[in-house]
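Asks: Mind looking at a prediction? Sequence and model below.
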Amino acid sequence: MTAAAFPPKLTDPRAFEIALALLEGFDRHYRLFRATSAEAKVRFERGDWQGQQRAQALRIEFYDTRVAEASALLEARFAASGLPMAVWQQVKLHYIGLLTNHHQPELAETFFNSVCTRILHHAYFHNDFIFVRPAISTEYIENDEPAALPTYRAYYPAPGTLRDTLRRVITNFQLDGEFAHLDADVDRVLAAVKQQLGEFRWRANFQLQVLSSLFYRNKGAYVVGKIINGFSETPFALPILRRDRDGAFFIDAALFGEDDLLMLFSFARAYFLVDMEVPSAYVQFLRSMMPRKPRSEIYSALGLQKQGKNLFYRDFLYHLKHSSDSFRIAPGIKGMVMLVFDLPSWPFVFKVIKDFYPPQKDTSRELIQSKYLLVKTHDRVGRMADTLEYTRVAFPRHRFEPELIAELRHFCPSLVEETGDDLVIRHLYIERRMVPLNIYLQDATPEQVARVVVEYGNAIKDLVAANIFPGDMLWKNFGVTRHGKVVFYDYDEIEYLSDCNFRRLPEPRNEEEEMSGEVWWPVAPRDVFPETFGPFLLGNPQVRESFMRHHADLLDAGFWQAHKERILAGHVHDVFPYDPARRFAAG
């Protein structure tokens, strides 16, 4: 057995001090993270929608700020980057010991990795110094303090008392305010539950398990739980909204089953604000309701996107080990600013910013990265795909098709490093793979064309409601998910709607202007002429017929300008993560 197989002796006193400082840095991060999530309740009760959106965006920055603070502290106190590797091995062992009874050990391990990889040279990123696999189990962690809420509450209604139990589920969250018609809302929920369950036999263990925190996002608060009857489990969610006119609350719908929950927790929506002492217990509970959803995506949906990113990469490495297909240039029309490739057996695409662009693309790498950050911190309203951003990703070079390597060398030489058997990409984004809308339309039936064109228009209108102008609205920049949703995924020309100036085409003043094939009128950088969208989008007669029947207003500057004015006046639109037909009588 080699010496490396034995754990190092804990001989350096600095190692424990560094481990303790690292954990204190993480604990500070999670206190702030949790406080912001807990304050979502007050913002919801007050109807502070702008504040809720700001909190959702700012919370994303917490993690990197705390990592930078911890790294600077370790460098100042211990000259951490110059310490021998034997000291870092001891730091990791001390850190593992400190996590034994911790309530967020998996998050603390990821924080450790983030600080270490910021301080140490990338050559040292291996099992001896970072957590490639989790060292602390997250099974059965619970907060045992007497006053602490459990992860979920269990309710055991007897036959005939389900209505009273549902009422108690709602009131136990102790929202500061009144429900407009709570009894009527509970009656609607009860009717929906009975319709969902159908004729069933009441088992001895009939119960409702409900997560102890509401899930806040945008203008909604969601009760999340499951109904258990014998061996049957039915996930459910109840959206609670607030009336603008008097601040009264109401239950807007009843959602049931995995598919409804998957839409609620979609990768194309903003992260929830949830007050969690033991996040792994929440993830385990949610995974029992959505077994098809990876744990990485659940962590991200809960606002713990760095943990989600860490788990995603572990899943990716595991998949690489158990697959043999090759990375290839992604099917579809090639982008002008992004080189996109994929692995056919893995349901994601990899996007690399090119080093140069055609003349018509007046942009830069820094500007493109700022657009992706805008989407990360914005309300994605179910219409913009979340992205995972990575630096210095090492791929096995032999798994790359020659054509892809040639494209990377030509378009992205500054971001590609070939070392031995590895091909390292210095910066990339990873997104969920979807069927590009232009490809979908090529093979679609007339009924599918009609439906997806309506969905395309709805997607743009949802983006408009969220103060987003997509910039390039061509079909190729949108994708179709497996649920049939149309989602935008090309962000290099995205703008805030409120920053754009929507204009009508001026009338030509003479025959020369009327016959001109060039733009003869003055155009400022953020001027947009919606009338010009049609020739680029509506060449297919069937597409045009469906679009003009449902979304002709998208070609009218007045539509866009009216929404811009409402947004500038402070209005926050309602965008529902469920079919409007599922709504009860509103408020």
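Replies: Arrived safely. Residues are numbered from 1 along each chain as shown.

Asks: Residue 454 is in contact with residue 550, correct?
Replies: Yes - the pair residue 550 / residue 454 is scored as a contact, 5.1 Å apart, by Cβ atoms under 8 Å. Just so you know, the C-beta spots here come from the backbone N, C-alpha and C atoms, and that holds for glycine as well.

Asks: Please report the number of neighbouring residues for the closest residue to residue 471 other than its chain neighbours.
Replies: In this structure, residue 471 finds its nearest non-sequential neighbour in residue 493, 2.8 Å apart by Cβ to Cβ, 6 or more residues apart in numbering. Neighbour count for residue 493, taken as other Cβ atoms under 10 Å: 17.

Asks: Contacts only, for residue 493.
Replies: Residue 493 makes contacts with 371, 470-472, as judged by Cβ atoms under 8 Å, 6 or more residues apart in numbering.

Asks: Just the helices from the stretch 451-587 of the chain, written as ranges.
Replies: Assigned by DSSP state H, counting those that start in this stretch, the stretch 451-587 of the chain shows helices spanning 511-515, 533-537, 541-551, 557-568.

Asks: List the buried residues of the longest one.
Replies: Within helix 557-568, the residues that qualify as buried by neighbour count (16 or more other Cβ atoms under 10 Å) are 557, 559-561, 563-564, 567.

Asks: between that helix and helix 541-551, how many degrees?
Replies: 50 degrees (axes from the mean of the first three to the mean of the last three Cα atoms, to 10 degrees).

Asks: Show me this structure divided up by domain.
Replies: 8-124, 152-308, 323-432, 437-507+517-582 (automatic domain parsing).

Asks: Residue 140: which of these is closest?
Replies: Residue 140 lies closest to domain 152-308 among the domains of the chain, at 8.4 Å (Cβ to Cβ).

Asks: Give me the mean pLDDT for the closest one.
Replies: Averaged across domain 152-308, pLDDT comes to 95.

Asks: picking up where we left off before, next, format the domains of the chain as TSV and append distance to residue 139.
Replies: Output for these, formatted as TSV (distance: least, Cβ to Cβ, whole Å):
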stretch	distance to residue 139
domain 8-124	11
domain 152-308	8
domain 323-432	26
domain 437-507+517-582	30
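
Asks: quick revisit: quickly name whichever of the contacts of residue 493 is closest to residue 232.
Replies: Closest to residue 232, out of all of the contacts of residue 493 and judged by Cβ to Cβ, is residue 470, at 42.8 Å.

Asks: From the chain's centroid, how far away is stretch 47-62?
Replies: From the chain centre to the centre of stretch 47-62 is a distance of 15 Å (Cα atoms, centre = their mean, to the nearest Å).

Asks: Show me the beta-bridge partners of the nearest residue to residue 225 once chain neighbours are set aside.
Replies: Nearest residue to residue 225 in three dimensions, chain neighbours excluded: residue 210, at 3.5 Å (Cβ to Cβ, 6+ apart). Counting by DSSP bridges, residue 210 is bridged to residue 153, residue 225.

Asks: contacting residues for residue 210?
Replies: With Cβ under 8 Å, 6+ apart, residue 210 has these contacts: 152-153, 155, 169, 223-225.

Asks: what do you get if the cut-off is 7 Å, keeping everything else the same?
Replies: By Cβ atoms under 7 Å, 6 or more residues apart in numbering, the contact set of residue 210 is 152-153, 169, 223, 225.

Asks: Buried only: go through these for me.
Replies: Applying 16+ other Cβ under 10 Å to the contacts of residue 210 flags 152, 169, 223, 225 as buried.

Asks: could you pull out the helices for the stretch 101-250 of the chain?
Replies: 105-119, 162-171, 182-197.

Asks: Now render these as a markdown table, adding distance to residue 397.
Replies: Shown next, in a markdown table, are these (distance: least, Cβ to Cβ, whole Å):
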| stretch | distance to residue 397 |
| --- | --- |
| helix 105-119 | 22 |
| helix 162-171 | 55 |
| helix 182-197 | 52 |
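
Asks: now the end-to-end length of stretch 141-148.
Replies: 13 Å (Cα to Cα, to the nearest Å).

Asks: That one: how far from the chain's middle?
Replies: 29 Å.

Asks: follow-up on the earlier one: make a markdown table from the helices of the stretch 451-587 of the chain and add distance to residue 135 to it.
Replies: Output for the helices of the stretch 451-587 of the chain, formatted as a markdown table (distance: least, Cβ to Cβ, whole Å):
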| stretch | distance to residue 135 |
| --- | --- |
| helix 511-515 | 72 |
| helix 533-537 | 53 |
| helix 541-551 | 53 |
| helix 557-568 | 48 |
